[in-house]
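Enquirer: Need a 3D model of the following:
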Amino acid sequence: MSTPSTTRTGTPRELKQERAVRTRAQVLHTAARLFAERGYEATSVVDIAEHVGMTKGAVYFHFKNKEAMAIAVVEDNYHRWPALLEEVRTQNLDPRDTIYALLDRTTEAFRT
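Expert: The predicted structure is shown next:
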């Protein structure tokens, strides 16, 4: 029987959770790259799984479907907004130029 701090295989839970977080991030990064290169419609979950080096089922462990992956990609990019906004604010631009600078930085973040 496993203890609260280990899994049935004896792997510490923290290590397993850290690995799951890293794997999810890797899947998300790969999905974002393939969506950008090929487009959403032309990219399948199988494509993403193959590029990450895992099975389709393993990808589905982290995301229920391709749409959920795409939403997570967008949400990940939007989490960058506060830092982008703060960076732009330090330039003391007028309101219109602040918006333009923020949009430029956001576009760059989505592109890269």
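Enquirer: who's in contact with the residue most central in space within the chain?
Expert: With distances taken as CA atoms, centre = their mean, the chain has L28 as the residue nearest its mean C-alpha position (3.9 Å). By CB atoms under 8 Å, 6 or more residues apart in numbering, the contact list for L28 reads 69, 72-73, 76. In this view, the C-beta of every residue, glycine as well, is placed from N, C-alpha and C.
Enquirer: quick one: low-confidence ranges for this protein?
Expert: Under the criterion pLDDT under 70, the flagged ranges of the chain are 1-15, 112.
Enquirer: where exactly do the helices run in it?
Expert: Using DSSP state H, the helices of the chain run over 13-38, 45-52, 56-62, 66-78, 81-89, 95-111.
Enquirer: Mean neighbour count, those: which tops it?
Expert: A comparison of those by mean neighbour count, using mean count of other CB atoms under 10 Å, puts helix 45-52 on top with a mean of 17.
Enquirer: With just CA atoms, put it into CSV.
Expert: Extracted as CSV, the C-alpha positions of helix 45-52 are listed here (Å, rounded to 0.1, in the frame of the first residue of the first chain):
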residue,chain,number,x,y,z
VAL,A,45,-3.9,15.9,-31.7
VAL,A,46,-2.0,13.0,-33.2
ASP,A,47,0.4,15.6,-34.8
ILE,A,48,0.9,17.2,-31.4
ALA,A,49,1.4,13.9,-29.7
GLU,A,50,4.0,12.8,-32.3
HIS,A,51,6.0,16.0,-32.0
VAL,A,52,6.0,15.7,-28.2
